[in-house]
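S.K.: sequence plus the predicted model coming up.
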Amino acid sequence: MTLSLYSAVVPNYVQILGAVRGLLDKAEAHCAETGCDPDDLHNARLADDMLPFGYQVKSCSAHSIGAIEGVRAGVFSPDRSPWPTSFDGLREAIDHALAAVEALDPDEINGFVGRDMRFTMGERTMPFTAEDFLLSFSQPNFYFHATTAYDILRWKGVKLGKRDFMGRPRTKV
């Protein structure tokens, strides 16, 4: 079986971005039902040295379509811009990422194989091939931030289960 770079990356982004979109809807409904202040969720963090929920959601976009844009440019740096502070803003970021990922051309993504690119953060630079960057750096970060967003909501009492994290699996049609 041959697995293309597109198949190893893009469908996973679509599945989990859709799940994160659902997490946002459930979190907002939780606030409406319980009277929880949405800011309590947006600013929640699992540990003092972690960034809050809003950042975790924003990072799902940064490590999906942002990673693809980084490969296109040959360089990826962390997105240091402020993250949305409302459910509408977070949904907009995820919806934008999801639409952009769904529009990706398989031939373009598969054409990245072997291309040089680098991760930069300040003075630090890490060289990668495009496929190693996507599979060994950005995709693990993508899952980390999606998982952390899910965990924050669970910790804050939003009724979520494993299916909410997994989203819609790609079943045989």
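M.R.: Nice, thanks for sending it over.
S.K.: and the strands in this structure?
M.R.: 75-76, 116-121, 124-129 (DSSP state E).
S.K.: with distance to Lys172 and mean pLDDT added, can I get those strands in TSV?
M.R.: For every residue, glycine as well, the C-beta is placed using N, CA and C. Below are these laid out as TSV (distance: least, CB to CB, whole Å; pLDDT from 0 to 100):
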stretch	distance to Lys172	mean pLDDT
strand 75-76	34	96
strand 116-121	34	96
strand 124-129	32	96
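S.K.: for this protein, which residue occupies the most central location?
M.R.: In the chain, the centroid-proximal residue (CA atoms, centre = their mean) is Cys60; its distance is 1.6 Å.
S.K.: mind checking pLDDT for that residue?
M.R.: You'll see Cys60 listed with a pLDDT of 96.
S.K.: what do you get for Pro169?
M.R.: As predicted, Pro169 sits at a pLDDT of 88.
S.K.: residues near the spatially closest residue to it that is not a sequence neighbour, how many?
M.R.: Nearest residue to Pro169 in three dimensions, chain neighbours excluded: Gln15, at 7.1 Å (CB to CB, 6 or more residues apart in numbering). For Gln15, the neighbour count with other CB atoms under 10 Å is 15.
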